[in-house]
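1. Structure for the following, please:
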Amino acid sequence: MPTPAAAGTDRAGHPSPAAISTLGLRKSYGDKTVLDGIDLRIPAGSVFALLGPNGAGKTTVVKILSTLIGADGGQAQVAGHDIATAPDKVRAAIGVTGQFSAIDGLITGEENMLLMADLHHLPRHEGRRVAAGLLDRFDLTEAAKKPASTYSGGMKRRLDIAMTLVGGPRIIFLDEPTTGLDPRSRHTMWGIIRELVSDGVTVFLTTQYLDEADELADRIAVLNDGRIAAEGSADELKRLVPGGHVQLRFSDPSAHRAAATALDGVTRDDEALTLQIPHDGSQRALRSVLDRLDAAGVEADQLTVHTPDLDDVFFALTTPTTPAAPHAATGSPAATTQETSR
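-> So this is what the prediction gives:
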């Protein structure tokens, strides 16, 4: 696993400024240790995703870093400020969107925005300008005069993030921001997150959706039993898990036998006429399989490449903390496959 200092570098190879860093972060509730020494370094202008089973402590990390609760031990800096000694400066630099909407459904979307502008002590003219700009950016202008209670789930989430941006934070914590949204609304939210990062905002994301982390995050950490079980890019994490393979399917038994002879390390199923060959997902390894088949004069009817995905990583590195079936919450298939005909 890469060390925290190596988590982000600029084009010259120098470490990028850290938007968030923690060392030995600890938190317990009674006899239960929720966080047991968390070390993180999150470069500015990146998306960092924290994964883990329900109850693993993801929300606790967000609450500590956003100064909503205190840590029992360790150190953390957010936007260059110590969370213990300068909580006001931390709060001035961040925005937080939790799992549940913070909007007031009894007032309009515009009034929610203006209320947030007042809380940030923006002059009235400036508050209206900022609110109008964000409502337009998040495609909420037409609904701005309507009570927020009439908004769809996706609209409420967009309003929630728009309200978070009123103060111009450079670091945003999104705690499971797409939970409960339909696929179209989730993809809309992904686009919003990408836009924020393109503007230089740092996004700290917790999510139950592994495809979401795979799609958005520059770096991912897997939290399990209070510790970081692994950290790296999505591709780096996938390489931690064995099980990648190529499967060949034949309709001709003689071709099946010839291929089994030509290839090394195969697992054969004579009844299904399939062969399975260990494979690391690289183009070179796939070319080697195809070259051996060509040399033997054998052609498979179907070739399937299986590479471990974040589901595989998640199941390999975590222990369930609730009786719920893990696949029900991931929202992504158990394996990534690509099929080609030969």
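
2. Any regions of this protein where pLDDT drops low?
-> Residues of the chain meeting the criterion pLDDT under 70: 1-16, 99-101, 243, 281, 320-342.

3. Which stretches in it count as helices?
-> With DSSP state H as the definition, the chain shows helices at residue ranges 58-65, 87-93, 109-119, 124-137, 153-164, 183-198, 210-216, 234-238, 253-262, 283-295, 310-317, 327-330.

4. tell me which residues of the third one are tucked away?
-> Okay, so that is helix 109-119. Counting neighbours by 16 or more other CB atoms under 10 Å, one finds that the buried residues in helix 109-119 are 109, 110, 111, 112, 113, 114, 115, 116, 117. Quick note: C-beta positions are derived from backbone N, CA and C, even for glycine.

5. which helices and strands sit right next to that helix?
-> helix 124-137, helix 153-164 (3 or more CB pairs under 8 Å, 6 or more residues apart in numbering; DSSP states H and E).

6. Quickly list what residue 35 is bridged to.
-> Judged by DSSP bridges, the bridge partners of residue 35 are residue 27.

7. What count of nearby residues applies to it?
-> Residue 35 sits with 24 neighbouring residues when counted by other CB atoms under 10 Å.

8. Wait, it touches residue 59, no?
-> No - between residue 35 and residue 59 there is no contact, the gap being 11.1 Å when judged by CB atoms under 8 Å.

9. Residue 193 and residue 37, how far apart?
-> 29 Å (CB to CB, to the nearest Å).

10. same deal with residue 296?
-> Distance from residue 296 to residue 37, counting by CB to CB: 54 Å.

11. swap in residue 298?
-> Residue 298 sits 54 Å away from residue 37, taking CB to CB as the criterion.

12. more crowded one of these two?
-> In this comparison of residue 298 against residue 37, neighbours counted by other CB under 10 Å, the higher total goes to residue 298 at 22 against 15.

13. rewinding a little: what would the helices of the chain look like in a markdown table with distance to residue 49?
-> Rendered in a markdown table, the data for the helices of the chain read as follows (distance: least, CB to CB, whole Å):
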| stretch | distance to residue 49 |
| --- | --- |
| helix 58-65 | 10 |
| helix 87-93 | 21 |
| helix 109-119 | 26 |
| helix 124-137 | 23 |
| helix 153-164 | 16 |
| helix 183-198 | 10 |
| helix 210-216 | 4 |
| helix 234-238 | 9 |
| helix 253-262 | 40 |
| helix 283-295 | 27 |
| helix 310-317 | 10 |
| helix 327-330 | 13 |
